[in-house]
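Colleague: Sharing a sequence plus its predicted fold:
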Amino acid sequence: MTIQDVKAWNTRIAAAETERKGLNTLDLSRAVIALCGKLTELGVAELRWHETVPGYTAAVAESKKRIVGEYFRDDLNTLPPSRFFGVTGHDEAGRTVCTTANRYDDVAGWDLRDYIQRFWYRNYRADGGGHARLSPASVPFAAGLTGPFAYIGDTSVDPALAGSDVAAYLVRLCILGCYLEWRPANIYGWMARHHAAKGLPFRWGFPIVWPSGFIWDAAPENRAYSDLCFLLCPPQGVAIVANSPLDIGVAPNPANSKE
């Protein structure tokens, strides 16, 4: 991320300061700069901001991940995001070494439970063909959560950076980015149960975690999607990330530092 990018973020922060209860320009500015600095320290030489899905897709294609996830793919999405930004990290040679993407949705008359049930049906294939379909009794914890919503997903880290906590710092940066760009009522994501059991949601900046709550009438063909945990970051959670951006709840590991 360049100095110009940081200045642009600071301009957005200042313009919206009156709407940031519990947060101020200095807190958010310091948090963004601290996270960018930490990612640089961990081997991410450059962060790139993508305002369009095609630009993000091209960067992902150059990574080990290769393919963009269903929440963001143009060829699948019958519920495309109202707004989007993706962030990719690159090494000194320009190679893509980490990715994450963010989408904003505000569908009148739908709470987050309605949205999840309809989105999965439209965009995920079922085992044996047809559409994946959730039971109406699924994801009860999302009922009554009104929009607008921001979703953070598609997070990947190159094996060369494995164990460096790059994902945690990158997602924290995106939590701040979503809040600054869109002011959503809630920011959410999904995580495999075995990762959630290790405490990763809290390290990534999501203070609320629910077991999947998925009840399938037609399970997705990708079994990894059938038992995900739901992650939620309300504005109070954003404040925690802004006030302690580098506190991911683990002791510093000298092996993760260039010093």
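Modeller: Okay, I see it.

Colleague: I'd like to know which elements the host helix or strand of Lys38 is packed against.
Modeller: Assigned by DSSP states H and E, Lys38 falls within helix 25-41. With contacts defined as 3 or more CB pairs under 8 Å, 6 or more residues apart in numbering; DSSP states H and E, the packing partners of helix 25-41 are helix 3-15, helix 166-182, helix 235-243. From N, CA and C alone the C-beta is placed, and that goes for glycine too.

Colleague: Dihedrals phi and psi, Thr155?
Modeller: In terms of degrees, to the nearest 10, the main-chain angles of Thr155 are phi -80, psi 130.

Colleague: so what's the closest residue to it other than its chain neighbours scoring on pLDDT?
Modeller: If the residues on either side of it in the chain are set aside, Thr155 comes closest to Thr100, at 4.4 Å by CB to CB, 6 or more residues apart in numbering. On pLDDT, Thr100 comes in at 92.

Colleague: Look at Ser212 and say how many residues are nearby.
Modeller: As a burial measure, Ser212 scores 19 neighbours (other CB atoms under 10 Å).

Colleague: mind checking how far it is from Phe149?
Modeller: 18 Å (CB to CB, to the nearest Å).

Colleague: now do Phe141
Modeller: 14 Å.

Colleague: between these two, which one's more packed in?
Modeller: Neighbour totals were compared for Phe141 and Phe149, and Phe149 leads with 26 against 15 (other CB under 10 Å).

Colleague: so the more buried one touches Pro184, yeah?
Modeller: Yes. Phe149 is within contact range of Pro184, at 5.7 Å (criterion: CB atoms under 8 Å).

Colleague: Now do the shared contacts for those two.
Modeller: Shared contacts of Phe149 and Pro184 (CB atoms under 8 Å, 6 or more residues apart in numbering): Tyr104.

Colleague: separation between the residue nearest the centre of the chain and Leu39?
Modeller: Geometric centre of the chain, nearest residue: Ile152, 2.2 Å, by CA atoms, centre = their mean. Distance of Ile152 to Leu39, given as CB to CB: 16 Å.

Colleague: same deal with Asp91?
Modeller: 11 Å.

Colleague: now Leu28
Modeller: Remark: distance between Leu28 and Leu39 (CB to CB) = 17 Å.

Colleague: now Pro184
Modeller: For Pro184, the distance to Leu39 - CB to CB - is 23 Å.

Colleague: So those two - more neighbours on which side?
Modeller: Leu39 (25 against 22).

Colleague: Tell me, how many residues neighbour the residue nearest to that one when sequence neighbours are not counted?
Modeller: Nearest non-adjacent residue to Leu39, counting by CB to CB, 6+ apart: Tyr169, 5.4 Å away. For Tyr169, the neighbour count with other CB under 10 Å is 27.

Colleague: which residues in the stretch 51-200 of the chain form strands?
Modeller: 83-90, 96-105, 133-134, 149-157, 186-192 (DSSP state E, counting those that start in this stretch).

Colleague: among those, where is the model least confident on average?
Modeller: strand 133-134 (a mean of 82).
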